[in-house]
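J.: predicted coordinates and the sequence they were generated for:
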Amino acid sequence: MRKFLNDLFDEAIRVADAHEVLDQFLPEDRSQKVTVIGAGKGAAKMAQAVEGLWQGPVSGLVITRYGHNMPTEKIEVVEAAHPVPDQAGQEAAARMMKMVTGLGEDDLVIALISGGGSALLSLPVTGVSLKEKQAVNKALLHSGATIEEINCVRKHLSAIKGGRLAKACYPARVLTLAISDVPGDDPSVIASGPTVADGTTVQQALDILKRYKIEGYDDKLSESVKPDDPCWQAMEYQLIATPQISLQAASDLCAKEKIQTMILSDRIEGEAREVAKVMAGMVRQIQDHGQPINPPCVLLSGGEVTVTIKNPDGRGGPNAEFILSLMDQLRDVSNVYALAADTDGIDGSVDNAGAWFDPTSIDRMEKAGLNLHHHLDENLSYDFFEAMGDLFKPGPTLTNVNDFRAIYVGAKK
C-alpha cells in the first residue's frame with residue numbers, strides 16, 4: 001500500500017511536469033525571438049522545456065531554489081534561497097528588471113512562474129533593505145499566516161512583484177505560463193503575481209502585519225499595479241498545472257485499480273495538526289458507518305496547511321506535522337495508511353517532502369520509546385519520523401502544486 005500511495009504522488013507530479021504539459025500552451029508560431037524570464041521551484045525545468053520547443057532565438061533569465069537547477073543552453077538559471085530571500089535572488093531580480101526594460105511592442109516575453117517565486121524573486125522597494133525583507137519573511141512564516149496573507153505583504157514591500165515585472169516589460173507582449181501552488185489558483189497570489197494586476201492594497205498589508213504583531217514596516221509599503229493600468233493590454237496568462245489537475249490524476253489512477261476515491265478539496269488551509277484532527281474524524285466515520293463512502297477507499301486532498309512555530313529550533317514542516325497529528329488521533333484505528341507531502345519535494349527547510357503513517361506506526365513508535373506529544377509540541381516532526389524511518393524523500397520534483405495528501409482507509413478489523 002505504501003508503494004501504491006507513492007505511485008499516486010508520482011502521478012500527481014507527472015501531470016504537473018513542464019516537459020509533459022508546456023508544449024500545448026506555447027504559441028503555434030515559435031520562430032520569433034523570445035525573452036524568457038521567471039522564478040519558482042519549477043522555473044529551471046520550465047526553461048529547459050521552452051528551449052527544447054522553441055525554434056527561434058531564445059535568451060533570458062530565471063531564478064530557482066538552490067538544488068532545483070536543470071541544464072540549459074540559452075536561458076540563464078540562477079539559484080537563490082527559499083523561503084527566506086538572499087542576495088543572489090535580489091541581484092538576479094534586479095538584472096531581470098533591467099533585461100526587460102526598454103523592450104518594444106514587437107517583442108515577446110514568456111514569463112515562467114511557479115511556487116516559491118515570491119521568495120526567489122526578491123527586490124525590495126526603495127527604503128527597505130534585504131535584511132529587513134528577510135526579517136519580515138521569517139516573522140510571517142513563523143506566525144502561521146496563510147500564503148495569501150504572506151504574499152499580500154510581500155507585494156507591497158517589493159519593486160518587482162504585484163504586477164511590477166509586467167509593467168517593466170510594457171509595451172512588449174507578455175505570455176505568462178504558471179504552475180499554481182496556492183489554494184484557489186489565484187494568479188495574483190502565485191509567486192505574488194509579478195505579471196498580474198493586483199487588487200490588494202497597502203491598507204490590507206498593514207492589517208496583516210498588525211494581526212500578527214509585526215512592527216516596523218508601516219511607512220515602507222508601496223502600492224502595487226492595479227487592473228486599470230494600460231500595461232495589461234499586452235498580457236496573456238495561462239495556468240499549465242494546478243493542484244486539482246494533480247488530484248484528479250491520482251484519482252484516475254485509483255479508478256484503474258478499482259479503488260474508490262474522494263477528492264475532499266484542492267484548497268484546504270489551516271493549522272496542520274487541526275486539519276489532521278478533521279481528517280481523522282472522517283477516517284473513523286468511514287470505518288464505523290460507511291459514510292460518506294464505504295471502505296476500502298482513498299481520501300485525496302490538497303491545499304496548503306501551515307504551522308505556527310513554537311520552537312525556533314524545531315525541525316520539520318507542515319506535512320510531517322500533519323502525519324504526526326494524524327497518528328495521535330488514530331492510535332486505536334487499524335488498516336489505515338497515509339502519505340502527506342509537499343509536491344516540490346521539500347517540506348519546510350529540511351530534505352524530506354513529508355512523512356508516512358501505516359498500521360505498524362504506533363507499535364514501532366512505542367518500541368522505539370518515542371514521545372509523540374513532545375515531538376508535536378516542540379515542532380520536531382522531522383526528528384520523530386527520522387527515528388521511525390518514515391520520512392518521505394523523493395528529492396526535488398522541479399514543480400510545485402502544493403500539498404498532496406492520500407489516506408487509504410481499509411475495512412475496520
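T.: Arrived safely. Numbers count the residues shown, from 1 in each chain.
J.: confidence score at residue 245?
T.: Looking at residue 245, its pLDDT reads 98.
J.: in the stretch 251-400 of the chain, which spans are strands?
T.: With DSSP state E, counting those that start in this stretch as the criterion, the stretch 251-400 of the chain has strands at 260-271, 297-306, 336-342, 354-357, 391-392.
J.: which of these sits closest to residue 136?
T.: Proximity to residue 136, assessed across the strands of the stretch 251-400 of the chain by C-beta to C-beta, is greatest for strand 297-306 (16.6 Å). For the C-beta atoms, the positions are set from N, CA and C on the backbone; glycine is no exception.
J.: buried residues in the lengthiest helix in the chain?
T.: Across the chain, the longest stretch assigned as helix under DSSP state H is helix 272-289. Across helix 272-289, burial judged by 16 or more other C-beta atoms under 10 Å covers 272, 273, 275, 276, 279, 280, 282, 283, 284, 286, 287.
J.: what do you get for stretch 38-52?
T.: Residues of stretch 38-52 classed as buried: 38-51 (neighbour count, 16+ other C-beta under 10 Å).
J.: can you put the strands of the stretch 251-400 of the chain in TSV and add mean neighbour count, mean pLDDT and distance to residue 157?
T.: Output for the strands of the stretch 251-400 of the chain, formatted as TSV (neighbours: other C-beta atoms under 10 Å; pLDDT from 0 to 100; distance: least, C-beta to C-beta, whole Å):
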stretch	mean neighbour count	mean pLDDT	distance to residue 157
strand 260-271	17	97	23
strand 297-306	23	96	20
strand 336-342	27	98	25
strand 354-357	27	98	30
strand 391-392	22	98	34
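J.: dump the ones you listed into TSV; add distance to residue 62 as well.
T.: Formatted as TSV, the strands of the stretch 251-400 of the chain follow (distance: least, C-beta to C-beta, whole Å):
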stretch	distance to residue 62
strand 260-271	26
strand 297-306	23
strand 336-342	21
strand 354-357	26
strand 391-392	27
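J.: for residue 402, find the nearest of the ones you listed.
T.: Ranking the strands of the stretch 251-400 of the chain by proximity to residue 402 (C-beta to C-beta) places strand 297-306 first, at 5.3 Å.
J.: any idea how far that closest one is from the chain center?
T.: Relative to the chain's own centre, strand 297-306 is displaced by 14 Å; criterion: C-alpha atoms, centre = their mean, to the nearest Å.
J.: which strands or helices does that strand pack on?
T.: With contacts taken as 3 or more C-beta pairs under 8 Å, 6 or more residues apart in numbering; DSSP states H and E, strand 297-306 sits against helix 243-256, strand 260-271, helix 272-289, helix 318-329, strand 403-409.
J.: export the ones you listed to TSV and tack on distance to residue 8?
T.: TSV is the format used below for these (distance: least, C-beta to C-beta, whole Å):
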stretch	distance to residue 8
helix 243-256	4
strand 260-271	9
helix 272-289	16
helix 318-329	15
strand 403-409	5
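J.: so for residue 177, which of the ones you listed sits nearest?
T.: Nearest of the helices and strands packed on strand 297-306 to residue 177, taken as C-beta to C-beta: helix 243-256 at 14.3 Å.
J.: burial count for the residue nearest to residue 140 when sequence neighbours are not counted?
T.: Leaving aside its chain neighbours, residue 140 sits nearest to residue 150 (4.7 Å; criterion: C-beta to C-beta, 6 or more residues apart in numbering). Using other C-beta atoms under 10 Å as the criterion, residue 150 is surrounded by 24 other residues.
J.: isn't residue 150 up against residue 142?
T.: No. Using C-beta atoms under 8 Å, residue 150 is not in contact with residue 142; the gap is 10.9 Å.
J.: for residue 158, give its distance to residue 120.
T.: Between residue 158 and residue 120 the computed distance is 12 Å (C-beta to C-beta, to the nearest Å).
J.: need the residues touching each of these two.
T.: Overlap of the contact sets of residue 158 and residue 120 (by C-beta atoms under 8 Å, 6 or more residues apart in numbering) is empty.
J.: can you pick out the residue with more neighbours from these two?
T.: Ranked by neighbour count (other C-beta under 10 Å), residue 158 and residue 120 place residue 120 first, with 33 against 26.
J.: ok so, going back, among the buried residues of stretch 38-52, which two are most distant?
T.: 41 and 51 (18.3 Å).
J.: for the closest residue to residue 180 other than its chain neighbours, give me its contacts.
T.: Nearest residue to residue 180 in three dimensions, chain neighbours excluded: residue 242, at 4.5 Å (C-beta to C-beta, 6+ apart). Listed by C-beta under 8 Å, 6+ apart, the contact set of residue 242 reads 179, 180, 185, 266, 401.
J.: is it true that residue 136 touches residue 150?
T.: No. Between residue 136 and residue 150 there is no contact under C-beta under 8 Å: 9.4 Å.
J.: residue 126 is nearest to which of the helices and strands packed on strand 297-306?
T.: Across the helices and strands packed on strand 297-306, closest to residue 126 is strand 260-271 (C-beta to C-beta), at 33.1 Å.
J.: run me through the strand neighbours of that closest one, direction for each.
T.: With DSSP bridges as the test, strand 260-271 is paired with strand 297-306 (parallel).
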